[in-house]
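1. A structural model of the following input is requested.
(2 chains)
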Number of protein chains: 2
Amino acid sequence: MQAVRTKPGSHANPGVLPHVVIVGAGFAGLYAARTLKRAPVRLTVIDRRNHHLFQPLLYQVATASLSPSDIAYPIRAVLRRQDNTRVLLAKAVAIDTGTRMLMLQDGELTYDYLILATGARHSYFGHPEWEAYAPGLKSIEDALETRRRILLAFEMAERETDEERQRALLTFVIVGGGPTGVELAGAIAEIAYAVMVQDFRSIDPKDARIILIEAGPRMLPFMPESLSLKAEASLKRLGVEVLKNSPVTSVREGIVVSGNQSIHAGTILWAAGVTPSPLARSLGVPLDHIGRVPVQPDLSIAGHPEVFVLGDLAAFVDETGTTLPGLAAVAVQEGRQAARNILRMCKDLPSESFHYVDLGTMATIGRAAAVANLRALKLSGFPAWVIWIFVHILLLIGFRNRFIVLFEWAWAYFTMERSARLITGESEK
Amino acid sequence: MQAVRTKPGSHANPGVLPHVVIVGAGFAGLYAARTLKRAPVRLTVIDRRNHHLFQPLLYQVATASLSPSDIAYPIRAVLRRQDNTRVLLAKAVAIDTGTRMLMLQDGELTYDYLILATGARHSYFGHPEWEAYAPGLKSIEDALETRRRILLAFEMAERETDEERQRALLTFVIVGGGPTGVELAGAIAEIAYAVMVQDFRSIDPKDARIILIEAGPRMLPFMPESLSLKAEASLKRLGVEVLKNSPVTSVREGIVVSGNQSIHAGTILWAAGVTPSPLARSLGVPLDHIGRVPVQPDLSIAGHPEVFVLGDLAAFVDETGTTLPGLAAVAVQEGRQAARNILRMCKDLPSESFHYVDLGTMATIGRAAAVANLRALKLSGFPAWVIWIFVHILLLIGFRNRFIVLFEWAWAYFTMERSARLITGESEK
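-> Predicted coordinates for the structure are as follows:
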């Protein structure tokens, strides 16, 4: 591929519209792009994927409830009608804030305003070698690999004649008690204890053990303690074993060590930590302890009012001194504010500070169970689950995806089937 | 994994039910298994995939219209309620007809009756090296790779500044004018000329060239000539260039040579030939010129009345001297007859000859266009398309898949969207 060059237009150059470059079309990048829909700018959106991914539902692809296309949407199709916008499939590798230049793997382009929202990957706390034995969950490929491992474990157990190995194959360990870990554990429990009960002859899927390991004292640490306890109770009702205060000290092929316990598990899944995209390092500003970019109240970086960093890549400290968590809701609101600030700066107005409006947080724990912390209102069980469904359907992009996901959920609820129980990839296994 | 051994029960041994082993859960194998639902046999179904795949619609996954889970269904779930049946995920590697033993990659089992229905892969007529440049379409992985190449070609063209290379990237060659080739060419034409028209800024997808190359004198050679001509006319109306009498003599990276023409094409797809599964070779009977197993009138092989070979793996010559083609309808009817013959033999009754009931053949050529040869009735255009939709929805397994596929088709028809425009796999491209 050839270099992508754009004219070095700038708002100092009145004949040419300023060039806004957005790197990353996750929640922050995409909502920033949409906010600039009719703005007098030239907008370029760059992503190394061709699709926006609705990550909050990725665990449902990993557990065979949804298909990738139900929660992913081509970026180009979302922004099709924005005449000021072009979309490029490209990988950004570095930023030169001095010359306002973005380096791609195969080209470069200049910007007047830059929005950096490349998100985070999972992190193994200094043990990258654990990834091969305990994959994380950030992309569609991750989800399909997780699905393959979960379903294949049952298939291999059905054919295993050694009891000890069979028991290990039917043991599933999820490391990390945040929302992804809780949701994965609940979904795997449902597959084993409800969906597959009649499907095997040598094994009984009800013998499966699902173990959720959390290093800290409670599940869903960002939630009020009462909801953490409710979530834990829901998990236990589903049959999940919950280990708290149990930091994992070693992960090997089929073995997780936590404290003085060695657990033999055919499937180990990682939901414990994230690390921001390495692109941040080339900004030339000091990063926080986990590699996020500290941002100013207006979401720009120190010394470069034209560079905005958003979403999981940013460390935004609010009025109370709290760093905002890596949630879709934070990213969406940041995206809108950064876009508004660019529009203000184009008009030579000062940028505005960002104020996060916390509408609440939620997590679902399987069929008809969830917890929701909505400002003054703390909900659990069925009412929280209904709200969880409603909010997630509304946040999906496009009528087709909303309709299909709602249908799949209704179908799964009434039939206890899972529609995407396919083992794909590594065809010659 | 451990060896799978079953007791060497046999109908000669009255205390033990005879063991029927089916290898391959495509149309032939699955319909044979279902026919044995309440039969007094022990049935084992072996497949190296966990899912039955509805191959006639695989081209729609390759062209972003459907998701893999819409046309695939877990074999275990289909056969869940057959108490006499177990399903094993395993790869069969050889057969010893003398000892009635089936060798797996990781084990072995004995049978009293064997149904072999492992189908076919694509064939490159002695040029296996062409596969890397021109993938075929037989599995879900094939379809996702094809989808990736088609969508990536447009993305790369959007970023290409060299006109000649851009033109090559927007050239799509499909080799083979059978149903798969015709359906792929029509579907790609629709994506380029209707679905993506507003999505790009540097290229106009309408500049794409879609070239369908057939070695013989006409498209859909198994159809009556009048329908071949109608299909060709429909393709041309869609904008597809059709080359007939043009055997391909060389395929290299981005280049197809046919006659004295060298076509530079960013995407080359192979739909020209199939070769039966290599498992046939271990049966110890002479194979026909393309590697199929000649079968007796009752679908068993010469000298082994307890071994049945079905579907694309079998060469069945009917009363008129014609070898039946590799169609789903043939496989389904063969599967049922083989199962019935096993039931007869269990009762010491003679097996019956197979008679294929030809209900017709069809192919679709994009939006609201198809050809159908239904006994006395030859249809084309919209009526053929409606019948094509109706038949394919009915043949899908399960209400959920029927409902979703029908919804996706209606959605695509009215919105000109494609719901699965995702580039996945090879994430670090």
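2. CA only for contacts and neighbour counts going forward, please
-> Noted.
3. Spatially central residue in chain A, please.
-> A:Gln55 (4.0 Å; CA atoms, centre = their mean).
4. need the contact list for that residue.
-> Applying CA atoms under 8 Å, 6 or more residues apart in numbering or on different chains to A:Gln55 gives the contacts A:71, A:138-139.
5. Same question for A:Val197.
-> By CA under 8 Å, 6+ apart, the residues touching A:Val197 are A:204-206.
6. And for A:Pro205, the neighbour number?
-> Neighbours of A:Pro205 under the rule other CA atoms under 10 Å in any protein chain shown: 23.
7. List the contacts of the closest residue to it other than its chain neighbours.
-> What sits nearest to A:Pro205 in space, not counting adjacent residues and going by CA to CA, 6 or more residues apart in numbering or on different chains, is A:Ala192, at 5.1 Å. When contacts are counted by CA under 8 Å, 6+ apart, A:Ala192 is found next to A:205-206, A:208.
8. Can you tell me the closest non-neighbouring residue to the residue in the stretch 151-300 of chain A positioned nearest to chain B?
-> Across the stretch 151-300 of chain A, no residue is closer to chain B than A:Asp199, which sits at 5.2 Å (CA to the nearest CA). Nearest residue to A:Asp199 in three dimensions, chain neighbours excluded: B:Arg80, at 5.2 Å (CA to CA, 6+ apart).
9. Dump the contacts of A:Gln55 to CSV, plus neighbour count, pLDDT and distance to chain B.
-> Converted to CSV, the contacts of A:Gln55 look like this (neighbours: other CA atoms under 10 Å in any protein chain shown; pLDDT from 0 to 100; distance: CA to the nearest CA, whole Å):
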residue, neighbour count, pLDDT, distance to chain B
A:Ile71, 24, 96, 10
A:Lys138, 19, 94, 12
A:Ser139, 18, 95, 9
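10. before we move on, back to that, from the contacts of A:Ala192, pick the one nearest A:Ala32.
-> Of all the contacts of A:Ala192, A:Ala32 sits closest to A:Ala208, with 44.6 Å by CA to CA.
11. picking up where we left off before, mind checking which of the contacts of A:Val197 are in strands?
-> Taking DSSP state E, every one of those sits outside strands.
12. could those residues go into JSON lines alongside pLDDT?
-> Below are these laid out as JSON lines (pLDDT from 0 to 100):
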{"residue": "A:Asp204", "pLDDT": "96"}
{"residue": "A:Pro205", "pLDDT": "95"}
{"residue": "A:Lys206", "pLDDT": "94"}
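13. Could you work out the end-to-end span of stretch A:186-200 for me?
-> 21 Å (CA to CA, to the nearest Å).
14. in that stretch, what's buried?
-> Using 16 or more other CA atoms under 10 Å in any protein chain shown as the test for burial, stretch A:186-200 gives A:186-193, A:195-200.
15. now it: how far from the chain's centre is it?
-> Relative to the chain's own centre, stretch A:186-200 is displaced by 25 Å; criterion: CA atoms, centre = their mean, to the nearest Å.
16. likewise stretch A:192-207?
-> With CA atoms, centre = their mean, you get 30 Å for stretch A:192-207.
17. Stretch A:299-311: how far from the chain's middle?
-> Worked out by CA atoms, centre = their mean, stretch A:299-311 lies 22 Å from the chain centre.
18. quick one: which helix or strand includes the nearest residue to A:Tyr59 once chain neighbours are set aside?
-> Among residues not flanking A:Tyr59 along the chain, A:Leu184 sits closest, at 6.0 Å (CA to CA, 6+ apart). A:Leu184 is part of helix A:179-190 when elements are defined by DSSP states H and E.
19. Pull the residues that contact that helix.
-> By CA under 8 Å, 6+ apart, the surrounding residues in contact with helix A:179-190 are A:59-60, A:63, A:174-176, A:210-212, A:219-220, A:235, A:238-240, A:270-272, A:363-367.
20. Stretch A:214-224 too?
-> Stretch A:214-224 is contacted by residues A:175-179, A:182, A:225, A:228-229, A:231-232, A:242-248, A:361, A:373 when judged by CA under 8 Å, 6+ apart.
21. Quick check on those residues: which are buried?
-> For those, a burial check counting by 16+ other CA under 10 Å picks out A:175-179, A:182, A:228, A:231-232, A:242-244, A:246-248, A:361, A:373.
22. Would you state the helices of the stretch 201-350 of chain A in chain order?
-> Counting by DSSP state H, counting those that start in this stretch, the stretch 201-350 of chain A has helices at residues A:225-238, A:328-346.
23. Show me what the last one is packed against.
-> Think helix A:328-346. In terms of contacts (3 or more CA pairs under 8 Å, 6 or more residues apart in numbering or on different chains; DSSP states H and E), helix A:328-346 is packed against helix A:27-35.
24. Count the residues that sit near A:Val256.
-> The burial count for A:Val256: 25, using other CA under 10 Å.
25. just checking, it touches A:Ser250?
-> Yes: in this structure, A:Val256 is within contact of A:Ser250 by CA atoms under 8 Å, at 6.0 Å.
26. And the strands in the stretch 101-250 of chain A?
-> With strands called from DSSP state E, counting those that start in this stretch, the stretch 101-250 of chain A shows them at A:101-104, A:107-110, A:113-116, A:120-122, A:171-175, A:209-213, A:240-243, A:248-252.
27. So which bits of the last one are buried?
-> Taking 16+ other CA under 10 Å as the neighbour-count basis, strand A:248-252 is seen to contain the buried residues A:248, A:251.
28. What mean pLDDT does that strand get?
-> Averaged over strand A:248-252, pLDDT sits at 96.
29. Just the residues contacting it, thanks.
-> So strand A:248-252 is in contact with A:130, A:133-134, A:175, A:213, A:215, A:256-259, going by CA under 8 Å, 6+ apart.
30. Could you rerun that using 7 Å?
-> Residues outside strand A:248-252 that contact it (CA atoms under 7 Å, 6 or more residues apart in numbering or on different chains): A:130, A:133, A:256-258.
31. do the first one as well
-> Residues outside strand A:101-104 that contact it (CA under 7 Å, 6+ apart): A:90-96, A:108-111.
32. Close to chain B: what parts of chain A are there?
-> A:1-2, A:4, A:50-51, A:67, A:69, A:74, A:76-77, A:80, A:86, A:89, A:141, A:155-156, A:159-161, A:198-199, A:201, A:419-425 (CA under 7 Å from any CA of the partner chain).
33. now these: which count as buried?
-> Among the residues of chain A next to chain B, the ones that count as buried by 16+ other CA under 10 Å are A:1, A:4, A:50-51, A:67, A:69, A:74, A:76-77, A:80, A:86, A:89, A:141, A:155-156, A:159-160, A:198-199, A:201, A:419-424.
34. and the strands of the stretch 101-250 of chain A, which one is worst for confidence?
-> Averaging pLDDT over each of the strands of the stretch 101-250 of chain A puts strand A:120-122 lowest, since it has a mean of 91.
35. Which neighbours in the sheet does that one have, and how are they oriented?
-> Sheet pairing for strand A:120-122, assigned by DSSP bridges, gives strand A:274-276 (antiparallel).
36. Please tell me how far the strand it pairs with is from the chain's geometric centre.
-> Taking the mean of its C-alpha atoms, strand A:274-276 sits 11 Å from the chain's own mean (CA atoms, centre = their mean).
37. For it, the averaged confidence score.
-> The average pLDDT for strand A:274-276 rounds to 90.
38. How about residues contacting it?
-> Here strand A:274-276 makes contact (CA under 7 Å, 6+ apart) with A:119-123, A:290-292, A:312-313.
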